[in-house]
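Asks: This is the structure alone, sequence omitted:
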């Protein structure tokens, strides 16, 4: 049986459309850069931010894939379009990386603190200026606030910095409170504690490459809905509970 020629052109048009647009909107995948190896984000994608952000994207019909990147390369790779998003940064990154678009709803609030073995009176960034300071390379907020401080050790691994602190080769290590205590628990260092007050407390945000800017508002809306319906608190509490296991 011969196919009528009147069906050939429409069928060809349909086949061309399928070939040109093989992926539906629901099959879209966003590759999100992370430099964490802790309870916030990890290779198993079971970290607090992994779960929060994947759920937010799921609610807008987009699959999120978490990809590990070195801290110093992470923002650069997203700004260059090598990856699609950056998992957790302070507000204002778009000033230095113009191809980034901030999702206008915080992922979390992060406390940046000084960890020490002994009581050292501190009040702000200036109060730690003359100390022997350790910090992780690539943490912009720490680098910006300690610029030109005279005695800073920068390493890629927080565990190595805590080891130097334990050996009294540093006075303080600057890190986030939550993940700092997680690392200290792993290392078994019970004599290291945070100094008060925190050096600063900041809201943290997801950043998108500008080619995905249309997702910024929907993902923000999804995060707000998760905070309202209890999903956000459940993920956060389940994650923090693992610290005490």
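Replies: Okay, I see it. These figures come from a predicted structure and were not determined experimentally.
Asks: Return the residues in contact with the residue nearest the centre of the chain.
Replies: A centroid search over the chain (C-alpha atoms, centre = their mean) returns residue 88, at 2.7 Å, as the residue closest to the centre. By C-beta atoms under 8 Å, 6 or more residues apart in numbering, the contact set of residue 88 is 34, 36, 40-41, 49, 107-108, 110, 204-206. Just so you know, the C-beta spots here come from the backbone N, C-alpha and C atoms, and that holds for glycine as well.
Asks: how about a cut-off of 10 Å?
Replies: Listed by C-beta atoms under 10 Å, 6 or more residues apart in numbering, the contact set of residue 88 reads 32-36, 40-41, 48-49, 52-53, 74, 106-108, 110, 176, 204-207.
Asks: Name only those of those residues that count as buried.
Replies: Buried members of those, scored by 16 or more other C-beta atoms under 10 Å, are 32-36, 40-41, 48-49, 52-53, 74, 106-108, 110, 176, 204-207.
Asks: Show me these that map onto helices.
Replies: 48-49, 52-53, 74 (DSSP state H).
Asks: Looking at those, spot the one nearest residue 200.
Replies: residue 49 (19.5 Å; C-beta to C-beta).
Asks: my read: that closest one touches residue 40, true?
Replies: Yes - using C-beta atoms under 10 Å, residue 49 is in contact with residue 40, at 4.8 Å.
Asks: List the residues that are in contact with both of those two.
Replies: Contacts common to residue 49 and residue 40, judged by C-beta under 10 Å, 6+ apart, are 34, 87-88, 107-108, 204, 239.
Asks: Going through the residues you listed, which one is the model least confident about?
Replies: Among those, residue 239 carries the lowest pLDDT, at 86.
Asks: Run a quick neighbour tally on it.
Replies: 20 (other C-beta atoms under 10 Å).
Asks: If you drop the residues flanking it in sequence, what lies closest to it?
Replies: Once flanking residues are discounted, residue 239 sits nearest to residue 48: 3.9 Å by C-beta to C-beta, 6 or more residues apart in numbering.
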